[in-house]
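Q: Show me the folded form of this:
(chains A, B, C, D, E and F)
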Amino acid sequence: MTQTTKPKLIDENGRRLDGRGPTDLRSLKIEVGILEKSDGSAYVELGKTKVYAAVYGPKEAHPKHLAIPDRAILNCRYHMTSFSTDERKILGMTRREVELSKVIREALESVVFLEEFPRSAIDVFVEVVQADGGTRTAGLTAASLALADAGIPMRELIAAVAVGKVDGTIILDPSDIEDKYGEADMPVGMTPSSNTIVLLQLNGKMTKDEFKQGLELAQAGIQKIYQAQREAIRRKYGASTTEV
Amino acid sequence: MTQTTKPKLIDENGRRLDGRGPTDLRSLKIEVGILEKSDGSAYVELGKTKVYAAVYGPKEAHPKHLAIPDRAILNCRYHMTSFSTDERKILGMTRREVELSKVIREALESVVFLEEFPRSAIDVFVEVVQADGGTRTAGLTAASLALADAGIPMRELIAAVAVGKVDGTIILDPSDIEDKYGEADMPVGMTPSSNTIVLLQLNGKMTKDEFKQGLELAQAGIQKIYQAQREAIRRKYGASTTEV
Amino acid sequence: MTQTTKPKLIDENGRRLDGRGPTDLRSLKIEVGILEKSDGSAYVELGKTKVYAAVYGPKEAHPKHLAIPDRAILNCRYHMTSFSTDERKILGMTRREVELSKVIREALESVVFLEEFPRSAIDVFVEVVQADGGTRTAGLTAASLALADAGIPMRELIAAVAVGKVDGTIILDPSDIEDKYGEADMPVGMTPSSNTIVLLQLNGKMTKDEFKQGLELAQAGIQKIYQAQREAIRRKYGASTTEV
Amino acid sequence: MSFLPLKERSFTIKIMSERVYKLLQQGKRIDERSPYEFRKITIQTNVVEKANGSALVSMGSTRILTGIKVELGTPYGDRPNEGVFSVNAELLPLASKSFEPGPPDERGIELARVVDRCIREGKAIDLEKLCIVPGRTVYVLYIDIYVLDYDGNYFDPSVISAMAALATCTLPNYSLVNEKVERVEGEYIKVPIRDVPLSLTIGIIKDKLLVDPCLAEENSLDTSIVICMDSASNVVAVQKNSPGHIPFLLMESIINIAEEQISKIRAQFKEVVGVG
Amino acid sequence: MSFLPLKERSFTIKIMSERVYKLLQQGKRIDERSPYEFRKITIQTNVVEKANGSALVSMGSTRILTGIKVELGTPYGDRPNEGVFSVNAELLPLASKSFEPGPPDERGIELARVVDRCIREGKAIDLEKLCIVPGRTVYVLYIDIYVLDYDGNYFDPSVISAMAALATCTLPNYSLVNEKVERVEGEYIKVPIRDVPLSLTIGIIKDKLLVDPCLAEENSLDTSIVICMDSASNVVAVQKNSPGHIPFLLMESIINIAEEQISKIRAQFKEVVGVG
Amino acid sequence: MSFLPLKERSFTIKIMSERVYKLLQQGKRIDERSPYEFRKITIQTNVVEKANGSALVSMGSTRILTGIKVELGTPYGDRPNEGVFSVNAELLPLASKSFEPGPPDERGIELARVVDRCIREGKAIDLEKLCIVPGRTVYVLYIDIYVLDYDGNYFDPSVISAMAALATCTLPNYSLVNEKVERVEGEYIKVPIRDVPLSLTIGIIKDKLLVDPCLAEENSLDTSIVICMDSASNVVAVQKNSPGHIPFLLMESIINIAEEQISKIRAQFKEVVGVG
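A: Predicted coordinates:
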């Protein structure tokens, strides 16, 4: 790879490389129940970012000594196909995938009623088919829907989106190139109805004020994602079950 | 390694590089019960191909959650020593060894009365000491004898041999060089008495007719191997037990 | 690394590179109970060699199928930090670390009353922070103290030290450079009160007489280590408990 | 995916197996297909823009995604004039409760190696055209297969999806400038396809055969075999891929059915992908 | 280290959690600290002579050893003018009964990656000064963190110990002689430090916050978050590092507390290490 | 292979141990040998034609196969004028129900490292003669030991088999033509053997010693030790290889017995292999 110079990420009209304004989301497509053999599944497409999630369980924890007497174990694997990124990703789990599996799992643990399934296990698999920025938040959004699709009782849905800072501007939903050449990337996962943060990371530099501004932009974006989630559920299950 | 030109594999008299005719087997040596500490063992030498097999079990399946309530598990490992091949083989299991372990195990599962040993495990180990073509079929031939030597009840013995296509001719029992420069290699494992196929792979190109011709040549070769197996058992156990 | 010429290891006055005589020990510092969260711990510094040991247990053996009905399992891991050696050590266990874990564990098994804790496990962790020769013996010395600090019943303490042969002279407690350029390195672990050998390895060449001379020098060094162990225990627990 | 001979199976599987067999005797199957009829095939190519080639293929509910990434590398010592490819397959745990996370187990390895043999022995790629500097620089194609949803028979849709990804794969063009390999900016070439080997999986219950088993059938089979043929109906790869017996005399029918049905798959492949 | 929301926890943890919360309501903690008070920090540098840099840091009873080894290597393709560093962290089984021997698990990997982000995004090192020959030869720093004793919160002392080891790290000097990189015997240079990013871990129970949780508190928290700031109080890394909810409205307090307490840690760091 | 001190052993092992000890008191053993008598040794060399050297050695029913593969490689930085060898050992699961498939466990690693020390410290090979171009190209010998059948004491036959494989190993000859290393077609050289270090394993029960324990005895021992000597009876490697105590005062007898018996093994080795 040769050293490439940073492109201008926001033009004089405040437009981003793909034509969006700073607070615009990319085109979003959500499908629930897309994989037949899992207990629950969802597909989220956000621009070129494409992510599947599938859920198996609740089922008997295996091996048995891992079972917890008063609640279910929630396992989560965030994984990328080898061709999802610009450079081929090595087979097997990278350290990044291990970390992201952890933060996605911990976000989901915050909302699933694990205590209803003692000695059980719930497996959540997130598969990134194409990575163009925001894969962990798209994965968390999909995973939350897959859990709902599997009929696993949850306090509420989780919706997630990243915000970033590019050319000094706080933006919603950075793409891969904005992430690469930008000053900061901050993935946020929230419970949209009770207004709590369940996933939060920051990679980059922001002033305190920019950080707060970023959180608020994320909160607004998450409301949009949440509406799309509810519509996707409605498409599959009809109006009566949308109040998850 | 430099690019080597393909040698002529069959001469004008229809003779192969080692002097054999197309339907000749290499010199075959079989010994049963050659390793003292295993429950059953065998050694098969076919030309320069040299293979040991040993069996342990039936024994308690371990760890217990792998045990199957109504039958035994059959484990099989096909493994080559690092010096068995022209180029040094890496330590550890290659993908080829994993695949061959699977097809040998599945062939053996076809004949062992696994349902007689619920919750048990039977371990079969095939060790290739020198690889000069036909190692999986020699290994299966040896493993079948090792199971018999361990007194494990089987429907019938398995005998196996490879056939190939070199210089347009279908041949029995290709050597390494015939395999390397030939057009096709087809290992076949059968139950010689009931005439069924329990292992079959093809790597190479054959017309439908050649494929059938190859199967028939394998069937004939397998009868020869089977006679040698019976003799080897007779040598160890005497005439009365040869009708396995 | 370039080829370096062997330095003179013993000068005309019989002094070693660091000024010691052949039978001198390096400065020795021992602390017991230095790590708060383990059940027992110790720190041993011998010259620049710095080693921690910590003990957890007795506790339930895990997974259960590894438990032994009539005694405890003793696990031991000898491990070096990546920066403990001149050249950076790779992360993960080297073959050397695996072997040394075994010999240290076997030495400890010789003195712990494992039969008092059926179905249990005792974990011993030795961490080499800096390696300047004699790490396995310092580690064994520390591990023995950590077991005592954890209140695990032992027949007696183990003390250990290495001897070596450099420039034809048998020396006590070789440093890294003496080990590297010397003719032999012999780590010895003993029970100082009952005068038995519990760890013994030799890497290098000695005549039979030198070997015996080395053993005797080790025996004498071990008595000094043992006194320091007893003092360290006395410092922590007071006089009454020193007779371990 | 347990393929044990009848006697060893648990009671429910035995019942199911008998049902499948009885239906077969009447020329029927549990999902309304006829015995030698494969499930509906859909092929979508270029589904992953970041891959050089990609294809999402479904065969009934079994869904396979293959992507190809291209790099420059060195040829094998004994084949200095040929490009290199390698096939990997992962049975993603999303796809089935019987798939575990972790490195490919023996099933994933078998799948990858069988697809590799189809492509290699079926001479699917003109590898010599993937050589840039003999002995030094060639294209290296990483063909990675992911099973996304598993309702039986991942072999046949995997071969289809690998071939569809290959047939639509574009490679950055390179030229040799002063002994140095340089990218010709903006120019792409296609992977040179010589043939399209395709496979058919055939299940055996006693004396009956069926093709492209779904998961429920797969569990009821005595055994099964994958046959791969090129466009001239040469057999280019075979894999008996489960325990159990194939009566020797059934092999002729197996080969004939494979030839017939593979030609039907080929027609569909050609219609969608353009080659075949 | 189980950070589950209240309802899922076993009875004893629930009791403990209630006690921690009641104390917090009175502005107190189980170990006599005030809510926003971190534990006693000690910093010893150059504790491992064979390392190029090293620091042993304790924060209460939590004890971290970081060592740095330097090698020459090649820069990343897209950053030809910059030196390279990598961070690894091991939760040694000596340190806690909850740590297992073996390669780093997700906690060790998370710790390493968070420290990496602090250093990288906090622009702690002037990486361009670690370049010897652009595109060819640069210094490579291996920053390896070992948790020796674990009484809660390994993040903050790990950042301190990594920064203290970096700030006291010496590199063998090299010069370019006839296109060849040669060691200038006996000469050493310091790692060029541009800033000292430092972190603070904040625990949340309902509507209350506490900083630098000890192990007993950690098990009682609803959740926790690590905030890393540079010397200008920019936020340079954040990691919510356990399950549970942070009420959105608490974020402002969290950032303010982090700013205030990190500046106190910075003062101590500067006093001992000399930069900050 | 459990070598625990007497008290910890299960009842049957205790009984067996007492029986072995009582026999030893009468100068006898369970398999009719005298205490310091090793089992029958057979040595077959060149058993694997594809290896550069190989030997199949049995000592009683314990059977070891060693093969050597030779490649060209680079020397170690601190030994630019010497060839390189590495020893690996695998306790094949064929050989014993106590051996598991998988990468070598601590026993396999210990065996490999002890054999390595015997060869290296016993100066068995004239490594300087294995250098082709100093600092650049040397012979690399991979000495791989496989335990095929295990009836106790794999150390001594492994050393014999490694030395027999080395002593009969042939290397393709290379010459330096215009600064390039070229194969001299058809020419082979022998591995230059300087000495033949050999080992003896001695078991200890209370105050009694026995050599070359078979498996039943091994399980009855208090502990055991491997002594390796060169042809001048220098001690070149020692490994106490199991838990338990060796009374300090027994060490003199141990060394004397080792010297005596190793010289007998050496005589047999020399007779079969031709050097020793």
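
Q: Relative to A:Y43, how far out is A:D24?
A: 22 Å (CB to CB, to the nearest Å). For every residue, glycine as well, the C-beta is placed using N, CA and C.

Q: Check A:R15 too.
A: 29 Å.

Q: Who's the closest spatial neighbour of A:R20, skipping the chain neighbours?
A: A:R26 (7.0 Å; CB to CB, 6 or more residues apart in numbering or on different chains).

Q: list the contacts for A:A148?
A: A:32, A:40, A:154, A:157, A:233, A:244 (CB atoms under 8 Å, 6 or more residues apart in numbering or on different chains).

Q: Check the residue nearest the centre of chain D and give its pLDDT.
A: Nearest to the geometric centre of chain D sits D:V159, at 2.1 Å (CA atoms, centre = their mean). D:V159 is assigned 98 on the pLDDT scale.

Q: which phi and psi does A:T135 have?
A: Dihedral angles of A:T135 (phi, psi; degrees, to the nearest 10) stand at phi -70, psi -40.

Q: Might one say that it is in contact with A:T49?
A: Yes: here A:T135 lies in contact with A:T49, judged by CB atoms under 8 Å, at a distance of 5.7 Å.

Q: Need the residues touching each of the two.
A: A:V128.

Q: show me where chain D has helices.
A: Shown for chain D, the helices assigned by DSSP state H span residues D:11-25, D:106-121, D:155-167, D:215-218, D:251-273.

Q: closest to chain A out of these?
A: Closest to chain A of the helices of chain D, according to CB to the nearest CB: helix D:215-218, at 7.7 Å.

Q: The closest one - contacts with which helices or strands?
A: The contact analysis (3 or more CB pairs under 8 Å, 6 or more residues apart in numbering or on different chains; DSSP states H and E) places helix D:215-218 against helix D:11-25.

Q: Which positions in the helix it packs on come out as buried?
A: D:13, D:16-17, D:20-21, D:23-24 (16 or more other CB atoms under 10 Å in any protein chain shown).

Q: If we check chain E, which of those residues are in contact?
A: The subset of the buried residues of helix D:11-25 within reach of chain E, counting by CB under 8 Å from any CB of the partner chain, is empty.

Q: Just name the closest of the residues you listed to B:L202, please.
A: D:L24 (26.0 Å; CB to CB).

Q: Now do the contacts for that closest one.
A: D:35, D:205, D:208, D:210.

Q: try 6 Å this time
A: D:35, D:208 (CB atoms under 6 Å, 6 or more residues apart in numbering or on different chains).

Q: Over to D:N241?
A: D:224, D:226.

Q: Same check on A:R26?
A: By CB under 6 Å, 6+ apart, the neighbours of A:R26 are A:46-47, A:173.

Q: Out of these, give me the one that has the most neighbours.
A: Among those, A:D173 has the most neighbours (other CB atoms under 10 Å in any protein chain shown), with 29 neighbours.

Q: Next one: the closest residue to D:N173 other than its chain neighbours relative to chain A, how far apart?
A: Nearest residue to D:N173, sequence neighbours excluded (CB to CB, 6+ apart): D:E187, at 3.8 Å. According to CB to the nearest CB, to the nearest Å, D:E187 stands 18 Å off from chain A.

Q: and the residue most central in space within chain A, helix, strand or coil?
A: By CA atoms, centre = their mean, the mean C-alpha position of chain A lies nearest to A:T137, the distance being 2.1 Å. Look at A:T137: counting by DSSP: H, G, I helix; E, B strand; the rest coil, its state is helix.

Q: With A:H65 instead?
A: Per three-state DSSP, A:H65 ends up helix.

Q: Just to check, it is in contact with C:P63?
A: Yes: between A:H65 and C:P63 there is a contact at 5.4 Å, judged by CB atoms under 6 Å.

Q: ok, now how distant is the nearest residue to D:M59 once chain neighbours are set aside from chain B?
A: Nearest non-adjacent residue to D:M59, counting by CB to CB, 6+ apart: D:P157, 4.0 Å away. As for D:P157, its distance to chain B is 20 Å (criterion: CB to the nearest CB).

Q: go on, D:C169?
A: Relative to chain B, and taking CB to the nearest CB, D:C169 is found at 23 Å.

Q: And the closest residue in space to that residue that isn't next to it in sequence, how close does it get to A:R155?
A: Excluding the flanking residues, the one nearest D:C169 by CB to CB, 6+ apart is D:G53, at 2.7 Å. To A:R155, D:G53 is 43 Å away according to CB to CB.

Q: Could you double-check that D:E121 lies in contact with D:V236?
A: Yes: assessed by CB under 6 Å, D:E121 is found in contact with D:V236 at 4.3 Å.

Q: Common neighbours of the two, please.
A: B:K205.

Q: my read: the residue nearest to the centre of chain A touches A:V188, true?
A: No: checked against CB under 6 Å, the pair A:T137 and A:V188 is beyond contact range at 7.2 Å.

Q: Near D:I255, how many other residues are there?
A: 22.

Q: Just give me the longest helix of chain A.
A: Max-length helix for chain A by DSSP H is helix A:208-237.

Q: So is that helix next to chain E?
A: Yes: for helix A:208-237, a contact with chain E is found by CB under 6 Å from any CB of the partner chain, at A:208, A:211, A:215.

Q: picking that back up, which residues touch the residue nearest to D:M59?
A: D:57, D:59, D:62, D:64.

Q: From chain F, how far off is it?
A: 33 Å.

Q: do D:A162 as well
A: Taken as CB to the nearest CB, the span from D:A162 to chain F is 31 Å.

Q: give the contact list for the residue nearest to the centre of chain D.
A: Counting by CB under 6 Å, 6+ apart, D:V159 has contacts D:115, D:118, D:198-199.

Q: before we move on, what about D:E218?
A: D:G152.

Q: Now do stretch D:128-145: distance from first to last residue.
A: Stretch D:128-145 has its terminal residues 24 Å apart, counting by CA to CA, to the nearest Å.

Q: Pull out the buried residues from that stretch.
A: So, applying 16+ other CB under 10 Å, buried residues of stretch D:128-145: D:130-133, D:137-145.

Q: nearest residue to residue 76 other than its sequence neighbours?
A: As the question left the chain open, I've gone with chain A. A:R105 (3.5 Å).

Q: Can you look at chain D instead?
A: D:Y76 sits nearest to D:V84 (CB to CB, 6+ apart), 6.6 Å away.

Q: all strands for chain D, in order.
A: D:41-45, D:53-59, D:62-73, D:84-91, D:131-133, D:137-149, D:170-177, D:180-190, D:198-205, D:208-211, D:223-229, D:235-240, D:246-247 (DSSP state E).

Q: er, chain A actually
A: A:28-32, A:40-46, A:49-60, A:73-80, A:120-130, A:159-166, A:169-172, A:184-191, A:196-206.

Q: just so I know, which of those lies nearest C:E109?
A: With CB to CB as the yardstick, what comes closest out of the strands of chain A is strand A:73-80 (34.9 Å).
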